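Trainee: with the input below, show me the fold.
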Amino acid sequence: MISFSDHEMILIFGLLGNIVSFLVFLAPLPTFYTIYKNKSSEGFQSIPYVVALLSALLLLYYGFIKTNATLIITINCIGCAIEVSYLTMYIIYAPKKQKISTMVLILICDVGGFGLTMLISTFAVKGINRVHAVGWICAIFNIAVFAAPLSIMRRVIKTKSVEYMPFSLSLFLTLCATMWFFYGFFDKDYFIMLPNVLGFLFGISQMILYMIYKKAGKNIKTNCTQQQEREGTENSKQHSCDGYKIDIPSLVEMKENQLN
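Mentor: Next up is the predicted model:
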């Protein structure tokens, strides 16, 4: 039976964590392709990318002041570059109001928040206490980030629709939390390990909700379709079933449109 040392396990889970985290960072690419294609970021929010950049900056700083944390540094360097690219594109195509609000958010959170963390930890805390202080900041911030999907989960339960909670993203976030949990476990790094316990639990909860309400949504749509077939389509009506609306044009309107 093959056995691995703690150092080898740290390397294995760190590399896996880098790979999965990289895929998570790339998840918004379809969104930004849409923004580029439409030449407008209207309808999309910049807050998730501002928060993601701050998280990457804090973990990057933590990796630098912590010894033997190369794998934390590499993925967060990549993460910072990707998030800066997203925000740059967002600002380029954003309406004036959103452009200004996004730049204000970047200045307050990413520049001000990160800068304040560096100043306080550099001048107010020394030695190993600095690592612990920054580690606690990263842990608390990441717990808040992992708790953010609660609003999405509440929306899924309320609307009985999984439209705003894609399964693939929930899966990759769960895998990401799992890899970094084991990295922290074998590295005895509780600041990395503990937040990812919460990330794993929320990820599993999202996937369970997805399976429950995806099936419920299909049943509702099926019932709606059967109801439409029973009622017929001779008259132009807008039918609705438990939140799903289906517009069926009448044959008369179709003929009028053809004549016009």
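
Trainee: can you give me the helices for the stretch 1-150 of the chain?
Mentor: All helices of the stretch 1-150 of the chain, identified by DSSP state H, counting those that start in this stretch, fall at 6-26, 29-38, 47-65, 70-93, 96-105, 114-123, 128-147, 150-159.

Trainee: and the angle for the third one with helix 114-123?
Mentor: Regarding helix 47-65 and helix 114-123, their directions subtend 20 degrees when assessed with axes from the mean of the first three to the mean of the last three CA atoms, to 10 degrees.

Trainee: and if you look at the fourth one?
Mentor: Between the axis of helix 70-93 and that of helix 114-123 there is an angle of 150 degrees, by the same axes, to 10 degrees.

Trainee: check the second one too.
Mentor: Helix 29-38 and helix 114-123 are oriented at 140 degrees to each other (the same axes, to 10 degrees).

Trainee: helix 29-38 packs against which elements?
Mentor: In terms of contacts (3 or more CB pairs under 8 Å, 6 or more residues apart in numbering; DSSP states H and E), helix 29-38 is packed against helix 70-93. (Glycine included, C-beta is placed from N, CA and C.)

Trainee: how distant is the helix it packs on from the center of its chain?
Mentor: Distance of helix 70-93 from the chain centroid (CA atoms, centre = their mean, to the nearest Å) equals 14 Å.

Trainee: stretch 151-159 now?
Mentor: Averaging C-alpha positions (CA atoms, centre = their mean) puts stretch 151-159 15 Å from its chain's average.

Trainee: using PDB, list the CA coordinates for that stretch.
Mentor: Output of stretch 151-159 as PDB, limited to C-alpha atoms (Å, rounded to 0.1, in the frame of the first residue of the first chain):
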ATOM      1  CA  SER A 151     -29.200  34.700  -0.700                       C
ATOM      2  CA  ILE A 152     -29.100  32.700  -3.900                       C
ATOM      3  CA  MET A 153     -30.200  29.600  -2.100                       C
ATOM      4  CA  ARG A 154     -33.100  31.500  -0.500                       C
ATOM      5  CA  ARG A 155     -34.100  32.800  -4.000                       C
ATOM      6  CA  VAL A 156     -34.100  29.200  -5.400                       C
ATOM      7  CA  ILE A 157     -36.400  28.000  -2.500                       C
ATOM      8  CA  LYS A 158     -38.700  31.000  -3.000                       C
ATOM      9  CA  THR A 159     -38.900  30.800  -6.800                       C
END
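
Trainee: contact partners of it?
Mentor: With contact meaning CB atoms under 8 Å, 6 or more residues apart in numbering, stretch 151-159 is reached by 162, 164, 165, 202, 205, 206, 209, 210, 213, 243.

Trainee: go through the helices of the stretch 1-150 of the chain and name the closest to residue 197.
Mentor: With CB to CB, the closest approach to residue 197 among these belongs to helix 128-147: 9.3 Å.

Trainee: pull out the buried positions in the closest one.
Mentor: For helix 128-147, burial by neighbour count (16 or more other CB atoms under 10 Å) applies to 130, 131, 133, 134, 135, 137, 138, 139, 141, 142, 145, 146.

Trainee: and stretch 74-81, by the same measure?
Mentor: 74, 75, 76, 78, 79, 80.

Trainee: re earlier: ranking the helices of the stretch 1-150 of the chain by burial, who's on top?
Mentor: Comparing the helices of the stretch 1-150 of the chain on average neighbours per residue, with mean count of other CB atoms under 10 Å, the densest one is helix 47-65 at a mean of 20.

Trainee: so what does it touch, helix or strand wise?
Mentor: helix 70-93, helix 96-105, helix 114-123, helix 128-147.

Trainee: for the stretch 51-200 of the chain, what are the low-confidence residue spans?
Mentor: The stretch 51-200 of the chain contains residues with pLDDT under 70 at 164.

Trainee: 90 instead, please
Mentor: Low-confidence segments of the stretch 51-200 of the chain, defined by pLDDT under 90, span residues 67-68, 122-128, 141-173, 198-199.
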